[in-house]
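Enquirer: here is the input, now give the coordinates:
(2 chains)
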Amino acid sequence: MLNVTLVTNDGDGGVQQLTVNPGITLGTFLDFYLPDRDLDDFTIRVRSDGESFVAETDYVLRDGDKVTLAPQKIEGA
Amino acid sequence: MNKKIKIRVAHKFRTWMLTRLDSRSSYDNKRVYRAIDTAYDKINQLRVWTDKLFYGVTRRIQRSPWDKTNHEGILSESVYNSVAQEMIPDMCTTTIDHIKLVIAHLTNASRPTVVSLRQLIEEIDVISKRWDDIKYKDGRLSILVKSIILDDDEENVNLGNFRISIDIIEPINSLRIIAVTGEESYNGFFHPHVADEELCEGNGQYSLSLAIDQGRLEDYFDLVEKILRTYNPESPHTPLSSWYSPDREGSFYCVCCEEWKDEYDQVSCDGCDSIQCANCADGAMCDTCEQWYCDNCIQSCNCCHAPMCNECTLICEDCSDQICSECLSTCNSCGSDRCINCDTQCECCGYSICSDCKEMCKYCGEAVCKDCLCETCSDCGERVCVDCACECNHCGTYSCPPCDKKHKCLLETVEKTKEL
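Expert: This next block holds a predicted model:
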């Protein structure tokens, strides 16, 4: 099993420590844990082995990965 | 940035996180209460605007067909629709957001986070790879974001590069945004959402504070950059057009038509201070103070329908209608203020009297003031108004009309006897 951290930066600010099956893709992972989010509105970054990058939904998650969702646009006041 | 400095920055930030654990409880409480207060304020605003909408509907129905002069101060259908379809849903969304924040605060407060030194070093390491020119100086960690380009559906404006910095030793409220390159707007701003190096965080406020709380420095800088790269036309310090609209000397930005207009066309509402151009200005001059007020701040007198502002509005003590000073009448007997619709004139002396001071003469049926219903019939004892009172030419006493016919004055008899 893989340990994955999921961070949502859209107001709820949730940080979840999750355990997932090996071989799961980012798209499947997000569909399962955040089914109500429209992923087109978010930038999805993954931090893996000290590297941070914008990931596609077909990225295969690895143990210790941190997945961060942030809205594409955040309106200031 | 070399590894030694990264370790020093991580160490200082972790020291702050540990210190904060002690004061965390009271700090969280304040945040929860602030979110509750904001939700409460929004609900109150919702109530006020709902009342205004209902008031407008009733008045519009009462005064149909539509006639502008009869509808001063009442929300027009277009304003009604805009409030009902845009403003009210926005208010509801904001209220729900703040209630969500309360839940999120309470959920997160139960699991305080202190990240390890290794994790913080990794955060700084990732930041240094992701952004250019990371610096640590005087206790402040800063990054450079390049080419902030905003658009407002008319123009793309390149605002240049900005340096984002936070105080690592005391990060709360320490965010500074410094323009490095780029053109200033005509009124002295470098970014529509930055004033005096402070970012108006808007929708990102909670996510930012949580990112700092949880030691997610990369997320923090990422969120700040996203706010800088987003233009919110609803509430900028200055609109984006301040950068590209030519020759703005002697001109102003009209919030209604979203255009630059000559300053001589400027109309400012004395009530809410909104500035509009003469074409968009939908309001009226208060007849009493002669100041201009926008549609939302002007009302109309219930008697003469003259426009009037809140300050100049008077209330009739009888029917509670809003009236202007011209339609105010003061009762000559008790001194109370009434509108001219509730006012009565004494049929004898012509002075104004209120309904409380109004008396009815039993004989002529006219409304008279107390002063004019002054005579008492010497025969039956009834009170009679000065017009109906009949004075005996001989004895000088007053009688009511029925008693006057039967009045047999002794003095008259004596005089007649003398004459005979």
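
Enquirer: okay, CA-based contacts and neighbour counts for the rest of this
Expert: Fine.

Enquirer: my read: A:Thr19 touches A:Tyr33, true?
Expert: No - in this structure, A:Thr19 is not within contact of A:Tyr33 by CA atoms under 8 Å, at 11.4 Å.

Enquirer: so which residue is smack in the middle of chain A?
Expert: Note on chain A: the residue nearest the mean C-alpha position is A:Val67, at 3.2 Å, using CA atoms, centre = their mean.

Enquirer: what residues does the stretch 51-200 of chain B have near chain A?
Expert: B:100-101, B:104, B:108, B:122, B:125-126, B:130, B:193, B:199-200 (CA under 8 Å from any CA of the partner chain).

Enquirer: just the buried members of these?
Expert: Among these, those buried by neighbour count (16 or more other CA atoms under 10 Å in any protein chain shown) are B:100-101, B:104, B:108, B:122, B:125-126, B:130, B:193, B:199-200.

Enquirer: does the residue nearest to the centre of chain A belong to a helix, a strand or coil?
Expert: strand (DSSP: H, G, I helix; E, B strand; the rest coil).

Enquirer: now the strands for chain A?
Expert: Along chain A, counting by DSSP state E, strands occupy A:2-8, A:15-20, A:42-48, A:51-54, A:66-71.

Enquirer: hey, which of those strands is tucked in deepest?
Expert: strand A:66-71 (a mean of 22; mean count of other CA atoms under 10 Å in any protein chain shown).

Enquirer: anything in that strand near chain B?
Expert: Yes - counting by CA under 8 Å from any CA, chain B is contacted by strand A:66-71 at A:Ala70.

Enquirer: and that strand, what does it pack onto?
Expert: strand A:2-8, strand A:42-48 (3 or more CA pairs under 8 Å, 6 or more residues apart in numbering or on different chains; DSSP states H and E).

Enquirer: give the contact list for B:Ala281.
Expert: B:267, B:294 (CA atoms under 8 Å, 6 or more residues apart in numbering or on different chains).

Enquirer: ramachandran angles for it?
Expert: Main-chain dihedrals, B:Ala281, degrees, to the nearest 10: phi -60, psi 110.

Enquirer: go on, the one 10 residues further on?
Expert: Backbone geometry at B:Gln291, expressed as degrees, to the nearest 10, gives phi -100, psi 150.

Enquirer: point to the helix or strand of the chain where mean pLDDT is at its lowest.
Expert: The chain I'm using is chain A. Every helix and strand of chain A was ranked by mean pLDDT, DSSP states H and E. The lowest is strand A:15-20, at a mean of 86.

Enquirer: which ones are touching A:Gly19?
Expert: No, residue A:19 isn't Gly; it's Thr. A:1-4.

Enquirer: give me the low-pLDDT residue ranges for chain A?
Expert: Residues of chain A meeting the criterion pLDDT under 70: A:11-13.

Enquirer: what angle do the least confident helix or strand of chain A and strand A:2-8 make?
Expert: Calculated by axes from the mean of the first three to the mean of the last three CA atoms, to 10 degrees, strand A:15-20 forms an angle of 150 degrees with strand A:2-8.

Enquirer: what angle separates strand A:15-20 from strand A:66-71?
Expert: Using the same axes, to 10 degrees: strand A:15-20 against strand A:66-71 is 130 degrees.

Enquirer: could you report the separation of the spatially most central residue of chain B from chain A?
Expert: In chain B, the centroid-proximal residue (CA atoms, centre = their mean) is B:Cys272; its distance is 6.9 Å. Distance, B:Cys272 to chain A, by CA to the nearest CA, to the nearest Å: 19 Å.
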